[in-house]
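> here is a sequence with its predicted model. Questions after.
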Amino acid sequence: AQKVTQAQTEISVVEKEDVTLDCVYETRDTTYYLFWYKQPPSGELVFLIRRNSFDEQNEISGRYSWNFQKSTSSFNFTITASQVVDSAVYFCALQTSGSRLTFGEGTQLTVNP
Amino acid sequence: NAGVTQTPKFQVLKTGQSMTLQCAQDMNHNSMYWYRQDPGMGLRLIYYSASEGTTDKGEVPNGYNVSRLNKREFSLRLESAAPSQTSVYFCASSFIWQVGNEQYFGPGTRLTVT
C-alpha cells in the first residue's frame, strides 16, 4: 500500500525566514513519482513540482528547492526567504500505478509579516 | 482556456437529498478523477475514469456514483446525502492514465449536508 506522511500539521514563521516542509513516503514500487501542490486560501490546487524515482537530483526554482532522498524515502520542500504570499496548505503526493495520487495530510504554512 | 471547471461552487443539502456535481475539462485529457478533501486528511480519491467509457473505484467510493458522460465530462452523484459527505470536492484530469502524468485540478465544490 502507498502512504504519504506530512508530520508537520502547521508551521508558523516570520517573513524572510527559511522553512522546510517534510514529506515521507512508503511504496514497494520501484517506479513512482512524487509531487508537491500548493493550496492557497482561495482553495485551488497549484502544481509545484514532479520528481521521478530514478532522478535524485535536487531541484531549485527561485526561492523553492526540493531535496529527494530515496535512502530515507523523503522528498522535502524548502522555501528560502519566505514571504506572506507563501502562506498556504502544501501537499505532498505519491503516484505509482496509473495516474492515481496518494496525498499526505498537508502542512499549513503561515508566514507572518 | 478554462482548464477544469466544476459546478456548483457551493451547495447545501439536507440529509437524504440527492445531487450531481458536474466537471468538465477542455484540455483533451483522457483520464478524470474525483477527490474529496476533509480537514486533516488531505485529498482522497473517490472514483476515477482512466479513459472514456471506463470508471473505477478509488479509496472512498461508498455513497457515490459517477458517470463519464463523454471525453470532456465526468459527473459525481450523491444518491442520498449524509452529513459525513460534507466536504470539499475536487475534480481533476490528466492526459493519460500513466505514472508521471500531472493532474490538473478544478476549483472545487464546497458541499454541506445538514
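Structure received.
> in the helix or strand that contains B:T112, which residues are buried?
Here B:T112 sits within strand B:109-113, counting by DSSP states H and E. Buried residues in strand B:109-113, defined by neighbour count with 16 or more other Cβ atoms under 10 Å in any protein chain shown: B:109-111, B:113. Every residue, glycine included, has its C-beta placed from N, CA and C.
> can I get those residues in TSV with pLDDT?
Below are the buried residues of strand B:109-113 laid out as TSV (pLDDT from 0 to 100):
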residue	pLDDT
B:T109	96
B:R110	96
B:L111	97
B:V113	97
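> just to revisit the earlier point, report all helices and strands that the strand holding B:T112 contacts.
Applying 3 or more Cβ pairs under 8 Å, 6 or more residues apart in numbering or on different chains; DSSP states H and E, we find strand B:109-113 packed against strand B:10-13, strand B:87-94.
> and the angle for that strand with strand B:87-94?
150 degrees (axes from the mean of the first three to the mean of the last three Cα atoms, to 10 degrees).
> with only the CA atoms kept, save strand B:109-113 in PDB.
Only the C-alpha atoms of strand B:109-113 are listed here, as PDB (Å, rounded to 0.1, in the frame of the first residue of the first chain):
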ATOM      1  CA  THR B 109     -17.200  22.400  -4.800                       C
ATOM      2  CA  ARG B 110     -17.900  23.100  -1.100                       C
ATOM      3  CA  LEU B 111     -20.800  20.800  -0.100                       C
ATOM      4  CA  THR B 112     -22.500  20.900   3.300                       C
ATOM      5  CA  VAL B 113     -25.100  18.300   4.300                       C
END
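> that's a strand at A:Y90, yeah?
Yes - counting by DSSP: H, G, I helix; E, B strand; the rest coil, A:Y90 is part of a strand.
> residue contacts, it?
A:6, A:21, A:36-39, A:48, A:77, A:106-107, A:109 (Cβ atoms under 8 Å, 6 or more residues apart in numbering or on different chains).
> how does it look with 7 Å?
With contact set as Cβ atoms under 7 Å, 6 or more residues apart in numbering or on different chains, A:Y90 has these partners: A:21, A:36, A:38, A:77, A:106-107, A:109.
> and B:G40, what element?
Per DSSP H and E, there is no helix or strand for B:G40.
> what is the neighbour count of the closest residue to it other than its chain neighbours?
Excluding its sequence neighbours, the residue lying closest to B:G40 (Cβ to Cβ, 6 or more residues apart in numbering or on different chains) is A:E105, at 5.8 Å. Number of residues near A:E105 (other Cβ atoms under 10 Å in any protein chain shown) recorded here: 19.
> do the helix or strand bottoming out on mean pLDDT in chain B and chain A meet?
None of the helices or strands of chain B scores lower by mean pLDDT, DSSP states H and E than strand B:104-105, at a mean of 93. Yes - between strand B:104-105 and chain A, judged by Cβ under 7 Å from any Cβ of the partner chain, the touching residues are B:F105.
> that strand pairs with which strands?
strand B:87-94 (antiparallel) (DSSP bridges).
> state the distance from the residue positioned nearest the centre of chain B to A:S61.
Centroid-nearest residue in chain B: B:W34, 2.7 Å away (criterion: Cα atoms, centre = their mean). Relative to A:S61, B:W34 is positioned 30 Å away (Cβ to Cβ, to the nearest Å).
> which parts of chain B sit against chain A?
B:31, B:40-43, B:45, B:48, B:50, B:58, B:90, B:94, B:97-103, B:105, B:107-108.
> which of these are buried, as a ChimeraX select command?
Selection of the buried residues among these in ChimeraX, burial being defined by 16+ other Cβ under 10 Å:
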select /B:31,42,43,45,48,50,58,90,94,97,99,101,102,103,105,107,108
